[in-house]
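Colleague: Okay, here's the prediction I keep looking at, along with the sequence it came from:
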Amino acid sequence: MDQTTLIYHPDFALHDVGPMHPEQPDRILQVLHALKTAPISDQIRWEKAREIDPVLLKSNHTKDHIDWVHSLVALKGINAVTPDTMACLETPRIARLAAGAAVRAVDLVMAGRTSNVFCAVRPPGHHAESDRAMGFCFFNNVALAAQRLRAQHNLERVAIFDWDVHHGNGTQHSFYEDPSVFFVSIHQFPHYPGTGAHSETGQGLGAGYTLNIPVQPGAGDADYLRSWDAIIAPALRAYQPQFILLSAGFDAHFRDPLGNIQVSTEGFNQLSHRVRALAEELCEGRLVSILEGGYDIEALCASVKGHVSALSMTSRDAL
């Protein structure tokens with residue numbers, strides 16, 4: 001089926017982080033409005049997210065961490081649960097919805113029911129490690145999707161590409177010793193969370209299956225596209241993934257307040273076309289994109305619209 005699916009849920013806005021926090025509910029509300037009112041809306045399949053089966057959380061997170069997230073239902077008001085991460089009583093359910101969207105997305109693609117999927121979710125996930133929340137993240141959505149592809153669909157080679165301005169430490173942590181998941185990240189460095197040096201390449205059986213491309217503040221479209229063409233795409237071709245997962249944070253945009261990278265909306269659009277084309281080339285178009293960061297609402301909405309448009313184009317157009 002040559003169609004893009006968008007997985008969303010209006011309840012993603014119920015994860016309340018307080019009026020001064022950058023990871024605002026309005027991020028997802030405005031993204032959904034932008035997509036619903038865009039011409040592309042009629043060309044994509046819309047599906048509401050479902051909560052992940054709690055048992056599946058164990059594929060990537062410790063029991064203590066899962067229990068801790070679930071315990072947040074007892075919160076009264078908005079609370080800082082880590083120095084930079086806020087939660088409320090709705091947070092556990094909404095985090096399960098975001099994780100459920102990612103798992104559902106890969107199941108849909110593997111079943112042949114859709115060509116690719118964009119998960120319009122919050123909270124983001126790529127900073128969440130197996131045993132702790134951090135960086136606005138509770139459960140690692142993209143890591144759970146990769147675990148699902150291995151355990152349920154028996155894939156042997158899954159690639160995760162992360163273009164968020166912040167390094168996806170949690171995702172790297174999950175697969176650092178695992179050759180069945182190739183993790184590639186391009187990110188501002190040095191920057192939060194302090195990981196993602198070029199020398200971090202995996203260890204044990206996973207040695208060589210982590211590729212970090214740290215870029216300096218001020219890098220822009222040309223730098224990102226050159227890195228894709230010269231480094232990332234050749235590395236992915238060498239790996240021959242059976243599925244590509246994308247941690248799609250849009251905070252490398254030049255308008256974003258949490259980064260110092262200068263990627264434009266058009267730059268993200270071009271990257272999106274390249275990722276889609278490579279998925280067509282390497283793995284029958286199997287691609288799931290999951291929203292991570294992006295904290296300037298105007299830039300986020302414009303970039304997501306371009307991204308979803310690129311995903312929804314026909315194979316020939318994407319190439």
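Modeller: Sure, I can see it. Numbers count the residues shown, from 1 in each chain.
Colleague: Isn't residue 96 up against residue 50?
Modeller: No - judged on Cβ atoms under 8 Å, residue 96 makes no contact with residue 50 at a distance of 9.1 Å. The C-beta positions use only the backbone N, C-alpha and C, and glycine is treated the same way.
Colleague: The two: who's more crowded?
Modeller: Per other Cβ atoms under 10 Å, whichever of residue 96 and residue 50 has more neighbours is residue 96, with 23 against 14.
Colleague: Where does that one fall, secondary structure wise?
Modeller: helix 91-110 (DSSP states H and E).
Colleague: tell me the mean pLDDT for that helix?
Modeller: Across helix 91-110, pLDDT averages out at 98.
Colleague: next helix or strand past it?
Modeller: strand 116-119.
Colleague: next one: that following strand to chain centre, how far?
Modeller: Between the centre of strand 116-119 and the centre of its host chain there is 10 Å, according to Cα atoms, centre = their mean, to the nearest Å.
Colleague: So which other helices or strands are in contact with it?
Modeller: Here strand 116-119 touches strand 4-8, helix 91-110, strand 287-291, helix 297-312, going by 3 or more Cβ pairs under 8 Å, 6 or more residues apart in numbering; DSSP states H and E.
Colleague: moving C-terminal of the first one, what's the next helix or strand?
Modeller: The one in question is strand 4-8. Proceeding N to C from strand 4-8, the next assigned helix or strand is helix 25-36, under DSSP H and E.
Colleague: For that next one, list the C-alpha coordinates in PDB.
Modeller: Below are the C-alpha coordinates for helix 25-36, written out as PDB (Å, rounded to 0.1, in the frame of the first residue of the first chain):
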ATOM      1  CA  PRO A  25       1.300  20.900  24.800                       C
ATOM      2  CA  ASP A  26       0.800  23.600  22.100                       C
ATOM      3  CA  ARG A  27       3.600  21.900  20.100                       C
ATOM      4  CA  ILE A  28       1.500  18.900  19.300                       C
ATOM      5  CA  LEU A  29      -1.800  20.900  19.000                       C
ATOM      6  CA  GLN A  30      -0.300  23.300  16.400                       C
ATOM      7  CA  VAL A  31       1.400  20.500  14.500                       C
ATOM      8  CA  LEU A  32      -1.900  18.600  14.200                       C
ATOM      9  CA  HIS A  33      -3.700  21.700  13.200                       C
ATOM     10  CA  ALA A  34      -1.100  22.500  10.500                       C
ATOM     11  CA  LEU A  35      -1.400  19.000   9.100                       C
ATOM     12  CA  LYS A  36      -5.100  18.800   9.200                       C
END
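Colleague: Give me the next element, helix or strand, following that helix.
Modeller: As assigned by DSSP H and E, the chain's next helix or strand after helix 25-36 is strand 44-48.
Colleague: what's that next one packed up against?
Modeller: Contact here means 3+ Cβ pairs under 8 Å, 6+ apart; on that basis strand 44-48 packs against strand 4-8.
Colleague: same question for the strand it packs on, mean pLDDT?
Modeller: Mean per-residue pLDDT for strand 4-8: 98.
Colleague: before we move on, what about stretch 160-170?
Modeller: For stretch 160-170, mean pLDDT rounds to 98.
Colleague: start to end distance for it?
Modeller: Using Cα to Cα, to the nearest Å, the end-to-end distance of stretch 160-170 comes to 12 Å.
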